[in-house]
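1. Model the structure of this input:
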Amino acid sequence: MSSKRTVVLASVLAAFALALPLAAQEGQARYDWAIVSDSKESFDEKAVIGPDVPKIYLLFSVGDVPKGARLKAAWIAEDVAGNAKNSTFDKSESASKGGSYSAAFSLGKPQGGWPTGAYRVDLFIDGQLKKSIKFKIGKA
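-> Numbers count the residues shown, from 1 in each chain. Okay, the predicted model is just below:
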């Protein structure tokens, strides 16, 4: 086989391999994307959020979710002073309206501000973990 054919064949196989995970998700309930932000309007993803932010938003998009499916976000303190490691400190839940759409969950600032440290939000559909988003509270 010529080297030109080998390169073309390798490129086609690589493209097919990359497409397989995407095709496998079609028709399955999923979170297409999710970000943590300090603004519901800007869609500005934040890796670090200040301790005095009034609300933290989890903005997300779901696809192929059956109507009535339970969407849940578990807010977890991975490494935060005053909390057990990897402890769930809050949950947000809603029933899916079905199909594909974007939505948000939010948490209000606790009295005294957000404790600094490493956090995570685990996202579930009908009890199955689908995605995890990490962020930190601290000086931006």
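2. and the closest residue to residue 129 other than its chain neighbours, how many residues sit next to it?
-> Leaving aside its sequence neighbours, residue 129 sits nearest to residue 122 (CB to CB, 6 or more residues apart in numbering; 5.7 Å). Every residue, glycine included, has its C-beta placed from N, CA and C. By other CB atoms under 10 Å, the residues close to residue 122 number 16.
3. Can you classify residue 39 by secondary structure?
-> With DSSP: H, G, I helix; E, B strand; the rest coil as the basis, residue 39 sits in coil.
4. From residue 54, how far off is the residue nearest to residue 129?
-> Between residue 122 and residue 54 the computed distance is 23 Å (CB to CB, to the nearest Å).
5. residue closest to the middle of the protein?
-> residue 34 (3.6 Å; CA atoms, centre = their mean).
6. Just grab the bridge partners of that one for me.
-> With DSSP bridges as the criterion, residue 34 is bridged to residue 60.
7. Touching, it and residue 123? I think so.
-> Yes. If you go by CB atoms under 8 Å, residue 34 and residue 123 touch, sitting 6.0 Å apart.
8. quick one: common contacting residues for those two?
-> 58, 60, 131, 133 (CB atoms under 8 Å, 6 or more residues apart in numbering).
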